[in-house]
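Novice: got a predicted model here, sequence first, then my questions.
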Amino acid sequence: MTEAMISATIHRQDKEGDQFELGDRLLYLRTPHFTGKDVEALQTALGALGFACGGVSGTFGAYTEGALRKFQLNMGLVPDGIAGVNTYAILRNLHNAWMDKPQVEERAYMGFARAADVLEEHAVCLFGTEGFTRKVASYMSNLAMATNPRSKMVSAETLLVAPDASMLLTHIVGPGDAVDASVPRVICDDASALSKRIAAAVDAARAKKAEGGPLRIAIELADRACGASDDEADRMAHHDAIQLLDAFCMAFS
């Protein structure tokens, strides 16, 4: 195929893509890549919700597929990298959270002490299922209580009664730990996007609760303390707890 023929083919594909709005067709990684207004809208939504896909290029490449998979996992969907009916339904429900909003970018944390009021307005039960994640949950609970003595963010180990249906159950896990696939799962691999991802996961959990499901999310830590000394593990857990508490406060603000 000559260079002129390739150029004409690409130009024709771009024009064809302009006729599609978000939700009009399945989008997934293929060769040649999908292009068009619907891809731009998908990238705009993902970026504003905390899943950076390398800018709004209008081309569905590998970076966009990776961002889409993380978004689907965050929403409790099958992370297949295919934008279809269920993905579009959630994006429509989150329309006000991403339309005309800026793309995620690096920024400094606001500091959870400045958002202390939200800690007494939102009931959260934190728990882990192994030593390190339980430690992170405990540190988060202690930090929240030190920030605001009326905090409703507590670890499961300090609860004297079973959590009620209004509490957000937050399961802190490590990479690869098994969690019910329907539970929105936040991956902590981008500190600048963490609060937005938590907010989106909480919204998804509330929607599932309205349908009779549990009010529950999972938080997947980026690294595990395998092989670390006790002191190193404590420092890592404390760092993770500060980062997560800050992100929760920002998400609830």
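Specialist: Yep, that arrived. Residues are numbered from 1 along each chain as shown.

Novice: can you give me the helices in this protein?
Specialist: 3-17, 37-48, 62-74, 85-93, 95-98, 131-147, 194-210, 230-252 (DSSP state H).

Novice: report the central residue of this structure.
Specialist: By Cα atoms, centre = their mean, the chain has its centre lying nearest to R197, at 2.9 Å.

Novice: and that residue, what does it touch?
Specialist: When contacts are counted by Cβ atoms under 8 Å, 6 or more residues apart in numbering, R197 touches 49-51, 74, 186-187, 190. The way it works is simple: take the backbone N, C-alpha and C, and place the C-beta from them, glycine included.

Novice: also A228?
Specialist: M236.

Novice: any idea of the pLDDT on it?
Specialist: pLDDT for A228: 72.

Novice: next: the one 4 residues further on.
Specialist: Looking at E232, its pLDDT reads 85.

Novice: run a quick neighbour tally on it.
Specialist: As a burial measure, E232 scores 11 neighbours (other Cβ atoms under 10 Å).

Novice: check the gap between it and D189 for me.
Specialist: When Cβ to Cβ, to the nearest Å is the yardstick, E232 and D189 sit 21 Å from each other.

Novice: relative to V39, which of the contacts of R197 is nearest.
Specialist: F51 (14.4 Å; Cβ to Cβ).

Novice: of the contacts of R197, buried ones?
Specialist: Among the contacts of R197, those buried by neighbour count (16 or more other Cβ atoms under 10 Å) are 49-51, 74, 186-187, 190.

Novice: please identify the buried residues of stretch 32-39?
Specialist: Residues 33-36, 38-39 are the ones in stretch 32-39 that count as buried (16+ other Cβ under 10 Å).

Novice: pLDDT-wise, what's the bottom of those?
Specialist: The minimum pLDDT among those falls on H33, with 90.

Novice: nearest to M167, of the helices of the chain?
Specialist: Between M167 and those, the tightest spacing by Cβ to Cβ is seen for helix 194-210, at 11.0 Å.

Novice: mind listing what's buried along the closest one?
Specialist: Judged by neighbour count (16+ other Cβ under 10 Å), helix 194-210 contains these buried residues: 194-205, 207-208.
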